[in-house]
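# Okay, here's the prediction I keep looking at, along with the sequence it came from:
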Amino acid sequence: MLQSLSGIPVHSLRKECPPGACVCDRESLLDSAAADPDTDVRILTLTQEQERRLLERIGRVSSYDDLQHVAGLLYKQLGVVLRIAPSPREVRTVRGFLILLEERPGLCKKTRQAVPAAIRKCLESNPDIAFAILNAHDLLGGA
């Protein structure tokens, strides 16, 4: 049995989802990591406890810069790309934003749903961030 993958202890990896409940492709990522030590398995270090802390952190976001910082940390620490953009159609509410974590092996289905939901909730409570996103995409005639 493996003791570590790419320097990450196996016991600190996210537990596997129940069979049929997720399409994260965790096992193939682990197989790839066992064959090639350079495989990026950082996403598997996002345990359920750490995911809960991430969602709490997203809930505390108070500015657009802070949201971008969280997105940067997601990429730096887990290798996950977060995309937030206005819908090609009009944006009347926060539901008009496209918020997604890019697909990658090991990224749990629940996480792919929970993070965008937490960001939408954050945008609802901080409309200034939503306006900053629109402005960043030049929809309000700004930058």
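The structure has been received and is ready for your questions.
# May I have the beta-bridge partners of the most centrally placed residue in the chain?
Centroid check for the chain by CA atoms, centre = their mean gives residue 101 as the closest residue, at 4.8 Å. Bridge pairing for residue 101 (DSSP bridges) gives the partners residue 82.
# tell me the contacts of it?
Residues in contact with residue 101 (CB atoms under 8 Å, 6 or more residues apart in numbering) are 74, 80, 81, 82, 83, 107, 111, 112, 115, 116. (Glycine included, C-beta is placed from N, CA and C.)
# quick one: contacts for the second one?
Contacts here follow CB under 8 Å, 6+ apart; on that basis residue 80 touches 43, 74, 101, 102, 104, 107.
# Burial check on residue 38, number of neighbours?
For residue 38, the count of nearby residues is 7 (other CB atoms under 10 Å).
# where does it sit relative to residue 101, distance-wise?
23 Å (CB to CB, to the nearest Å).
# ditto for residue 63
21 Å.
# Kindly report the same for residue 62.
For residue 62 relative to residue 101 (CB to CB), the value is 21 Å.
# how deep is the closest residue in space to residue 100 that isn't next to it in sequence tucked in, by neighbour count?
Distances taken as CB to CB, 6 or more residues apart in numbering put residue 83 closest to residue 100, at 5.5 Å, once the chain neighbours are dropped. Residue 83 has 12 neighbours, counted by other CB under 10 Å.
# how about the nearest residue to residue 57, chain neighbours excluded?
Nearest non-adjacent residue to residue 57 (CB to CB, 6+ apart): residue 70, at 6.4 Å.
# could you pull out the helices for this protein?
26-35, 48-59, 64-78, 109-125, 127-136 (DSSP state H).
# Output the below-cut-off pLDDT ranges for the chain.
1-12, 90-92, 139-143 (pLDDT under 70).
# Mind doing that once more with 50?
1-3, 142-143 (pLDDT under 50).
# Contacts only, for residue 15.
47, 48 are the contacts of residue 15 under CB under 8 Å, 6+ apart.
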